[in-house]
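Undergrad: test case, fold it:
(chains A and B)
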Amino acid sequence: IVSWTELIGGFTRNAFSAKAMLSFEQMQAEGILPNVITYVCMMGACASSCALKRGQELHAKIVRGGSVEGQSTIVGGALVDMYAKCGLLETAADVLQELAVRDTITWNAVILGYINHGLSEKALRCLEEMQLDGASLNLLTFACSLKACADVRWADKGLELHAEIAKSGWSEDDLICNVLVDMYVKCGLFTKARKVFDRRQGRDIVSWTSLISGYAEHDHGKEALKLVEQMQLEGISFNAATIVCSLKASGSVGSPSKTQEVHLEIAKRGLEEDILVSSTLINTYNQCGLLLEAEKVFDEQSGRDIVSWNSLLAGYTKLGKTQRVFDTLQRMITEGEKPD
RNA sequence: CAUGCAUAAGU
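TA: Predicted coordinates for the structure are as follows:
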C-alpha cells in the first residue's frame, strides 16, 4: 500500500492525473484497499484535473470509513481543495464549516478557490471569517490575500496586509515580494512597488513581468520599455510571459521597431507557437499600424483561437477596412470558430 | 517509508 500510494502521489504531484487514476484502479484490482493517505493523493489528482465526479465518489467512500476529521486533518483539507478547484465553492465552504478543526491550509484552499473563480472580493471576506475563527495566517494566506487585493485593486487592504506581513517577519520572502510588487503596480502605486522590487536581492522574472505589465497597462509604456531594456542588461532571459508584456509595452507606445525587436526575441526562443505570444503579437503589430506583419503572424499561427481572430479583426476595423472585416468574419465561421 | 493550500502574460 505504501508503494502504491507513493506512486499515485508522484503522478499527482507531476500533474499526471490520468496515470494516478489508472494506478488507483490497478491497485484495487490487485485487492489492495486504499487508506486515508491514498485518498489524499487521489483527491489531489481529481483537484488538478477538475474531475468532480471522481472526487465526489471518493468523498463518499471516505465518509463510509467514518467521520472525515476522525481519519486525518489532512484529508479534510484535500477534500475542500478538490471542491474549490472544481468550482464548487459553496460545497467547499460547507465542508470547511463542518470540519471540527479548520486549519490554515484548508482556509487557504477556500480563499484561493474564490480567487481562481473570479470572486476575489468574496475571498477577502473569507479571510476575515478565517481570522474571526481564530485560525492563524501563514505565508500562503498572505500571498493569496494580496493577490485578491490586486484583482479588485484594493490598495488600502493591500497596505494593511503588508503591515501585518512586516510584523510577521515575512517581508523578505520571495513569493511575498513578488505578490506585493504585483499588487502595488496593479493598484497604480508605482513608488511602493519599486521600493519592494529595488531592495531585493534575487529580483526574479515574475516581478519584472509584473512591473512591465503594470506600467504598460497604466499607460506608462515608455517606463515599461525602459524596464525591458534594464532587464536585458541584467542578463535575465525572457520567457513567454515577459515577451507578452514587452509587446504590450511596445504596443502601448506604438513603436514598430521595438515590436520587431521583440519579434526577433520570440523567434530566438522558439515561442512562435505559443498562442498567447502570437496573438499578442498580432495585436501589437496592429497597434503599430503594421497590418501586413499582423496578417503574416496570423497566417503562420497553427492553433488559432477566438482571440487570434478577434485581434485580426480589430486591426481591420481600426483601419476602416470594412469589407475585410466581413470577409474575415465569414472565413472565421467557415473554419469553425464561433464569434463572440 | 507515502499525503492537502502557491505569485506574473493575450482581443
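
Undergrad: so which elements touch the helix or strand of chain A with the lowest mean pLDDT?
TA: Across the helices and strands of chain A, mean pLDDT, DSSP states H and E gives its lowest value to helix A:68-71, namely a mean of 84. Here helix A:68-71 touches helix A:73-85, going by 3 or more Cβ pairs under 8 Å, 6 or more residues apart in numbering; DSSP states H and E. Backbone N, C-alpha and C define where each C-beta goes, glycine included.

Undergrad: what comes up buried for the helix it packs on?
TA: Residues of helix A:73-85 classed as buried: A:73-85 (neighbour count, 16 or more other Cβ atoms under 10 Å).

Undergrad: related to what we said a few turns ago, using neighbour counts, pick out the buried residues of the least confident helix or strand of chain A.
TA: By neighbour count on 16+ other Cβ under 10 Å, the buried set for helix A:68-71 is A:68-69, A:71.

Undergrad: A:Ala216: which of those is nearest?
TA: A:Val68 (46.7 Å; Cβ to Cβ).

Undergrad: so that closest one is in contact with A:Val75, correct?
TA: Yes. Applying Cβ atoms under 8 Å as the test, A:Val68 and A:Val75 come out as touching, 6.1 Å apart.

Undergrad: can you list residues touching both of these two?
TA: A:Ile62 (Cβ atoms under 8 Å, 6 or more residues apart in numbering).

Undergrad: please tell me how far A:Arg102 sits from A:Gly158.
TA: With the distance defined as Cβ to Cβ, to the nearest Å, A:Arg102 ends up 25 Å from A:Gly158.

Undergrad: before we move on, back to that, is the least confident helix or strand of chain A anywhere near RNA strand B?
TA: No. Helix A:68-71 does not reach RNA strand B (Cβ under 7 Å from any atom of the strand); its nearest approach is 9.4 Å.

Undergrad: next: stretch A:41-60.
TA: Yes. Under the criterion of Cβ under 7 Å from any atom of the strand, RNA strand B is reached by stretch A:41-60 at A:41, A:43-44, A:47.

Undergrad: can I get these in JSON lines with pLDDT and neighbour count?
TA: Below are these laid out as JSON lines (pLDDT from 0 to 100; neighbours: other Cβ atoms under 10 Å):
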{"residue": "A:Cys41", "pLDDT": "98", "neighbour count": "24"}
{"residue": "A:Met43", "pLDDT": "97", "neighbour count": "27"}
{"residue": "A:Gly44", "pLDDT": "97", "neighbour count": "22"}
{"residue": "A:Ala47", "pLDDT": "97", "neighbour count": "23"}
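
Undergrad: show me these that map onto helices.
TA: Within these, residues falling in helices by DSSP state H are A:41, A:43-44, A:47.

Undergrad: in chain A, what residue is nearest RNA strand B?
TA: A:Gly77 (2.0 Å; Cβ to the nearest atom of the strand).

Undergrad: can you check the pLDDT for that residue?
TA: Listed pLDDT for A:Gly77 reads 97.

Undergrad: contacting residues around it?
TA: A:103, A:105-106, A:109.

Undergrad: swap in A:Leu291?
TA: A:285, A:315-316, A:319.

Undergrad: quick one: the helices in the stretch 51-200 of chain A?
TA: Assigned by DSSP state H, counting those that start in this stretch, the stretch 51-200 of chain A shows helices spanning A:52-64, A:68-71, A:73-85, A:89-98, A:104-116, A:120-132, A:139-152, A:155-168, A:174-186, A:190-198.

Undergrad: most tightly surrounded among these?
TA: Neighbour counts (mean count of other Cβ atoms under 10 Å) averaged over each of the helices of the stretch 51-200 of chain A peak at helix A:73-85, with a mean of 25.

Undergrad: could you check the angle helix A:52-64 makes with that helix?
TA: In terms of direction (axes from the mean of the first three to the mean of the last three Cα atoms, to 10 degrees), helix A:73-85 departs from helix A:52-64 by 150 degrees.

Undergrad: using CSV, write out the CA atom coordinates for helix A:73-85.
TA: Taking C-alpha atoms only, helix A:73-85 is exported to CSV below (Å, rounded to 0.1, in the frame of the first residue of the first chain):
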residue,chain,number,x,y,z
THR,A,73,-6.9,16.6,9.3
ILE,A,74,-5.2,16.4,6.0
VAL,A,75,-8.0,14.5,4.2
GLY,A,76,-10.5,17.2,5.1
GLY,A,77,-8.2,19.8,3.6
ALA,A,78,-7.7,17.8,0.5
LEU,A,79,-11.4,17.4,0.0
VAL,A,80,-12.0,21.1,0.4
ASP,A,81,-9.3,21.9,-2.1
MET,A,82,-10.8,19.5,-4.6
TYR,A,83,-14.2,21.1,-4.4
ALA,A,84,-12.6,24.6,-4.6
LYS,A,85,-10.5,23.8,-7.6
